[in-house]
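Asks: sequence first, then the predicted structure, then my questions.
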Amino acid sequence: MGFRDKLKSIWQRLFGNSVQAFGIVSLLFLISLAIAPAKNYFSQWRHYQNRYLDVIRGRSDAVTLRRHFQGGVQQTWLPDLGVVDRCTTCHVGLKEPSLADVALQPFRKHPAIPHTLDQFGCVTCHRGQGPATTVEEAHRSTLAWEQPVLPTKYIQSSCGQCHRGPLPGTPQLNQGRDLLARNGCVRCHTVRLSDSTTMKATDDPPSLSHIADKVSREWIFAWMKDTQAYSANATMPNFKFNDDDARDISAFLVANSAPVQGDQLTIAQKSTPEAAAGASLYGESFCASCHAVQNAAGNTVGGNIGPELTRIGNKVKPEWLQAWLKNPRTYDPRTAMPHYRFNDQQLVTLSTFLQAKTDSDLLANVHLDSATPEQIAHGKRLVTDYGCASCHEISGIKKPENFAPELSRIGSKAITQLLFLPGMQHNLPDYIAGKIRTPRAFAKGLKMPQYSFTASQIDALTTALLSLNERAHTLPASLTVAAPAESSYEPAGKAGQLMSDLACFSCHRINGHGGDMAPDLSWEGTSVQRSWLQDFLRNPNTLRPALIRRMPKFNLSEQEIGELTDYIMTVYQSSAIDRESMPNSGYSPAQVEQGKQLFYAKYACQGCHIVDTKADKGYIGPTLTHVGSRLNAAWLFNWMKNPQALRPGTIEPNRNMSDEDARALTAFLMSQKDSAAPAKKQKAVARLEAKP
């Protein structure tokens, strides 16, 4: 009997008559109806809910936890955010504070965050497929879903979707954003933010239009070959140029360079200054606050505002260095370097000290013949092709537009659009990290240079880039927190010119503009006493003994000190504080003693500040040994009441202090006078009177 005959026989047995056919069909229908509840009964989410009930059984708070438990599929719907997620179906203990001792997932409580889970759901921060009810579909990439759950080490990127500025609780995100701006990434890659602005670079690449006045062609060659060989903390990456390319680029830059009048200076030396004198002047000028050098152990020590000086003697020409130290604005009007007003002897001493910082191996094997026109032309093509003008000003070379791919929504880029390296996990975070780590490994002919980022820096950059996603651009405005606006404030008049010459904004912030290395001066005229400010400008002393960075001595004339003091005391005033409302002296011994008790007992201020240099150990805040000669009483009183209102972000806590306590503490602190202050004032007056 053939196959067809067998099928016909089976059909006749099952559906040979209507009654039998009805029974068979009904049975099949009942089986199909049973599949859904059976599948539901054996589902993963029900398995986790049953396990959760087992976990809480026997706990002292089991009754409460059982009462809070809701079985079945749980769903959060946030239409304004476009969020639907069912994560709490399995993660049933997220909102239970008492489960802090449970380490087993998915049953432990959610870590403390400044939001409730009902505000943003889960997928806003963790990504993944919210409506899914299986681990595979919810957590991982599938054929229908490309955004798996975000690895925990990149979770801070989600904060960046709403918060446009730095946050105290997201150091990795803050660092990543800083690296993007400080390493010039956004000079090639445009990053358009959701507020219609673009991310700005914060690095300061030098102009190359006058480069031949400053350095030799040989040094340019060595620098182009390997920036790290000259400076361990160089922000310029390695373009992997071969010898011929580095030779031709150096030839073009030197040939294209135009001289700057006054940036070459040679001061006749009566005798060779001692190295110790140069080191002393270098230290007294606090050059290390901005510049780093490598110590004997190979560690780079110092600031990162200016370039590293370990091998500065190999780099710059002696006559350029002396002119630069005399007045850096002759060569670069926009430099962050202050004008120190060194005399000739100091210029010779410091320049000789810096010129001695060399590496005999750096240029030992660099020998370049005179450049040919063909080499210069080839160098120009390379400078154009590699987008050097994206960072540097170069005469005759236009800054390129859209030189590299835009990164405004890189955090949402589809995996199908990415090319992965062999062995690389097929997910977006791994792709971004790999692209930063070895950018040219992804294809031949790529021009993105090799950076020397550490593993933690790569993680930080990846975090920052993941925050640049579609959700960040589509969030309702009510849920976003704007970054502090950077103002374009510039002081006016002669004092403004002085502040520009001294590069005050490189370290200080004033009226929303400037750096953050030194105190904000927006209300300096309200906070300090005039005589102290004058003495400080003559010879800055340390207010924070534990800090290495210091304000340098600028060798200002008495007239310049007077102009700066007048301007600061007049313009930088707080309208909320009447500086004349409280006296700076004359407090009763009883008030002073009461304040002392409050300082040392009730508020334990000595934990952060020093008044008694022999007993107090507080090195976190500024020293208060002579605070009564420095600060204004009205400022101190208002500071005690609410320091955050005067300096947002200060680590000084708001103790909700009563007026009585604030007055007593002010009395005690104002009694801390500098006994040498009157003598200093008399000397200053004598200097002024002695001038013709």
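Replies: Sure, I can see it.
Asks: and for W320, the neighbour number?
Replies: By the criterion of other C-beta atoms under 10 Å, W320 has 21 neighbours. Glycine gets a C-beta too; all of them are placed from N, C-alpha and C.
Asks: is it true that it touches I211?
Replies: No - shown here, W320 and I211 do not form a contact pair, counting by C-beta atoms under 8 Å, at 10.4 Å.
Asks: where along the stretch 401-550 of the chain do the helices fall?
Replies: In the stretch 401-550 of the chain, the helices defined using DSSP state H, counting those that start in this stretch lie at 428-437, 455-466, 470-474, 493-501, 524-527, 530-538.
Asks: now what about the third one, what contacts it?
Replies: Helix 470-474 has contacts (C-beta atoms under 8 Å, 6 or more residues apart in numbering) with L81, G82, T124, G160, Q161, C162, S194, S408, R409, G411, S412.
Asks: format these as JSON lines; extra columns: pLDDT.
Replies: Converted to JSON lines, the contacts of helix 470-474 look like this (pLDDT from 0 to 100):
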{"residue": "L81", "pLDDT": "86"}
{"residue": "G82", "pLDDT": "86"}
{"residue": "T124", "pLDDT": "93"}
{"residue": "G160", "pLDDT": "95"}
{"residue": "Q161", "pLDDT": "94"}
{"residue": "C162", "pLDDT": "93"}
{"residue": "S194", "pLDDT": "84"}
{"residue": "S408", "pLDDT": "96"}
{"residue": "R409", "pLDDT": "96"}
{"residue": "G411", "pLDDT": "96"}
{"residue": "S412", "pLDDT": "94"}
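Asks: what pLDDT does the closest residue to A485 other than its chain neighbours get?
Replies: Leaving out its chain neighbours, the residue that sits closest to A485 by C-beta to C-beta, 6 or more residues apart in numbering is G512, at 6.5 Å. In this model, G512 is scored at 91, pLDDT.
Asks: from S257, how far off is G512?
Replies: The gap separating G512 from S257 is 37 Å, by C-beta to C-beta, to the nearest Å.
Asks: swap in P168?
Replies: P168 sits at a distance of 46 Å from S257 (criterion: C-beta to C-beta).
Asks: looking at the two, which has the bigger crowd around it?
Replies: Comparing P168 with S257 by other C-beta under 10 Å, the one with more neighbours is S257, at 19 against 8.
Asks: I figured the more buried one was touching S209, is that so?
Replies: Yes - using C-beta under 8 Å, S257 is in contact with S209, at 6.8 Å.
Asks: mutual contacts of the two, please.
Replies: Shared contacts of S257 and S209 (C-beta under 8 Å, 6+ apart): S395.
Asks: for the stretch 1-150 of the chain, what spans make up the strands?
Replies: Taking DSSP state E, counting those that start in this stretch, the strands of the stretch 1-150 of the chain run over residues 76-78, 83-85.
Asks: my error: substitute the chain in the last question.
Replies: Taking DSSP state E, the strands of the chain run over residues 76-78, 83-85, 292-294, 300-302, 509-510, 513-514.
Asks: off-centre distance for the third one?
Replies: Yep, that's strand 292-294 we're talking about. The chain centre lies 21 Å from the centre of strand 292-294; the measure is C-alpha atoms, centre = their mean, to the nearest Å.
Asks: low-confidence ranges in the stretch 151-300 of the chain?
Replies: 270 (pLDDT under 70).
Asks: can you pull out the helices in it?
Replies: Here the stretch 151-300 of the chain has its helices, by DSSP H, counting those that start in this stretch, at 159-162, 171-182, 185-188, 211-214, 217-225, 227-230, 243-256, 275-284.
Asks: could you export those helices as JSON lines, including mean neighbour count?
Replies: What follows is the helices of the stretch 151-300 of the chain, written out as JSON lines (neighbours: other C-beta atoms under 10 Å):
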{"stretch": "helix 159-162", "mean neighbour count": "22"}
{"stretch": "helix 171-182", "mean neighbour count": "20"}
{"stretch": "helix 185-188", "mean neighbour count": "21"}
{"stretch": "helix 211-214", "mean neighbour count": "20"}
{"stretch": "helix 217-225", "mean neighbour count": "21"}
{"stretch": "helix 227-230", "mean neighbour count": "17"}
{"stretch": "helix 243-256", "mean neighbour count": "21"}
{"stretch": "helix 275-284", "mean neighbour count": "15"}
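Asks: which of these sits closest to A377?
Replies: Closest approach to A377 among the helices of the stretch 151-300 of the chain (C-beta to C-beta): helix 243-256, 7.8 Å.
Asks: next, the angle from the closest one to helix 217-225.
Replies: 130 degrees (axes from the mean of the first three to the mean of the last three C-alpha atoms, to 10 degrees).
Asks: got a list of contacts for helix 243-256?
Replies: In this structure, residues lying in contact with helix 243-256 by C-beta under 8 Å, 6+ apart are 208-209, 211-212, 217-218, 220-221, 224-225, 241, 368, 371-372, 375-380, 382-383, 394-396.
Asks: same check on stretch 92-106?
Replies: The contact list for stretch 92-106, computed with C-beta under 8 Å, 6+ apart, reads 48-49, 52, 55, 61, 64-65, 68-69, 74, 88, 90-91, 107-110, 117.
Asks: switch the cut-off to 10 Å
Replies: Residues from elsewhere that reach stretch 92-106 (C-beta atoms under 10 Å, 6 or more residues apart in numbering): 45, 48-49, 51-53, 55-56, 59-61, 64-65, 68-71, 74, 87-91, 107-112, 116-118, 122, 135.
Asks: circling back: would you format the helices of the stretch 151-300 of the chain as a markdown table with distance to A633 included?
Replies: Shown next, in a markdown table, are these (distance: least, C-beta to C-beta, whole Å):
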| stretch | distance to A633 |
| --- | --- |
| helix 159-162 | 41 |
| helix 171-182 | 37 |
| helix 185-188 | 46 |
| helix 211-214 | 51 |
| helix 217-225 | 55 |
| helix 227-230 | 52 |
| helix 243-256 | 58 |
| helix 275-284 | 33 |
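Asks: tell me which of those helices lies nearest to A482.
Replies: That would be, of these and by C-beta to C-beta, helix 159-162, which comes in at 10.2 Å.
Asks: just checking, what packs against that closest one?
Replies: helix 123-126, helix 171-182, helix 455-466, helix 470-474 (3 or more C-beta pairs under 10 Å, 6 or more residues apart in numbering; DSSP states H and E).
Asks: go with 8 Å
Replies: Helix 159-162 sits against helix 171-182, helix 455-466, helix 470-474, with contacts defined as 3 or more C-beta pairs under 8 Å, 6 or more residues apart in numbering; DSSP states H and E.
Asks: can you give me the offset of that helix from its chain's centre?
Replies: 15 Å.
Asks: cool, and stretch 319-326?
Replies: 32 Å.
Asks: again with stretch 90-104
Replies: On the basis of C-alpha atoms, centre = their mean, stretch 90-104 sits 34 Å off its chain's mean C-alpha point.
Asks: ok, now stretch 264-278?
Replies: How far stretch 264-278 lies from its chain's middle: 39 Å, per C-alpha atoms, centre = their mean.
Asks: just the buried positions in it, please.
Replies: Q264, L265, P273, A277, G278 (16 or more other C-beta atoms under 10 Å).
Asks: and which of those residues is nearest to V293?
Replies: Distances from V293 to the buried residues of stretch 264-278, taken by C-beta to C-beta, are shortest for G278, at 12.9 Å.
Asks: can you tell me how far the closest one sits from V135?
Replies: 66 Å.
Asks: which non-adjacent residue is nearest T190?
Replies: Nearest to T190 is E406, by C-beta to C-beta, 6+ apart, at 4.6 Å.
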